[in-house]
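Enquirer: need the 3D shape of this:
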Amino acid sequence: MMFETPTRTIDAPAANPVIRKVCGDCNNGWLAQLEAATAPILGPLVNSDGTRVVLSPLHQTTLARWAQKMVLIIEAVHEPDSPIDRAHYATFMRRRRPTENTVVLIAAYAGSEVALWYTRTDLHLPPTEHAPRPPVPNGYVATFNIFRFVFQVFGNLSPYHLSVTDERGPLDVVTPIWPDPQRPVRWPSGSVVDDDGLLGLHHSAGGPARFLHLPPPNPADDAAP
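Expert: Residues are numbered from 1 along each chain as shown. Got it, this is the predicted structure:
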C-alpha cells in the first residue's frame, strides 16, 4: 500500500535538528540532556525484534518528553502554517515536559513500508461538551514512528484545561505513558500494527468529540514551573 492520507504527512527527519525557536543554551543544556537520557531507552525499542520489555514510570516520562519535543521540532521545521503557536512552545520550554492535558500513547509497528514517518491532524476542541465545533483548530493529534516504535501525541492549544480521554474502545495496540505514569507498562502491550494499522491508528484518533472530558478552565495549572 502507499501511505496516502488527507492529513498533513511528511517523511520525518532522521536527525535531531536545531531550530531557531530553541535557544542555544537549551539545545546545549537540558535538551541535550534529554537526548542523552532517551537514547539508551529508545535505541533498543526502535530496533526491537518483538521481545516484550518493561518501561518504568521514569522511562515513560522520558519518552513522553522526547515525543513532545520531536512533535514541536518537526512542526517548526516543516510546517510554517502549523496551528501550534508560540505559547505551546514556550510552555514546553518552561516546564520541560508536556502539560497534564497532553496525552502520549505508544505502540509497536511491524510493517515494512516506512522507517521514519509523521502525520498530524488538527482538532477542533469544543469548550463544553455540547458547544459547537470551533472554526479554528485548537488542538492536534500527531502520530509518528521511528522504525518499530510508534508515538501518538494529543495536544491541547485551547485556553481550557482539557483532560483527553481515549474512547476508541479496547485498543490493545496502544499504551498510555503520559500524563502521570504511575506504574511500569509492557511494550508491546498486545497486538502490533502493520502498514494499514499504522494509518488506521492515526485516523481513528481524528474524531475530537470522542476524546474530551472538560473540567472547568484552570489556567493556574500551566503557570507552575
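Enquirer: alpha carbons only for contacts and neighbour counts from here, please
Expert: Noted.
Enquirer: so where's this protein uncertain?
Expert: 1-28, 128-129, 162-171, 206-225 (pLDDT under 70).
Enquirer: how far does the lengthiest helix in it sit from the chain's center?
Expert: In the chain, with assignment by DSSP state H, the single longest helix is helix 57-78. What separates the centre of helix 57-78 from the centre of its chain is 7 Å, taken as CA atoms, centre = their mean, to the nearest Å.
Enquirer: the most centrally placed residue in the chain in helix, strand or coil?
Expert: The centre of the chain sits closest to residue 153, judged by CA atoms, centre = their mean, with a distance of 2.0 Å. Secondary structure for residue 153, judged by DSSP: H, G, I helix; E, B strand; the rest coil, is strand.
Enquirer: what of the one 5 residues further on?
Expert: Three states are possible here, and by three-state DSSP the one that applies to residue 158 is coil.
Enquirer: from here on, count from 17
Expert: Shifting the count to begin at 17 puts that one at residue 174.
Enquirer: now the nearest residue to it once chain neighbours are set aside: how far from residue 98?
Expert: Nearest residue to residue 174, sequence neighbours excluded (CA to CA, 6 or more residues apart in numbering): residue 154, at 5.2 Å. As defined by CA to CA, to the nearest Å, residue 154 lies at a distance of 11 Å from residue 98.
Enquirer: of these two, which one has the most company?
Expert: Set residue 154 next to residue 98 and count neighbours by other CA atoms under 10 Å: residue 154 wins out with 19 against 14.
Enquirer: enumerate every residue touching the residue nearest to residue 174.
Expert: By CA atoms under 8 Å, 6 or more residues apart in numbering, the residues touching residue 154 are 99, 138-141, 172-174.
Enquirer: alright, I will stop here.
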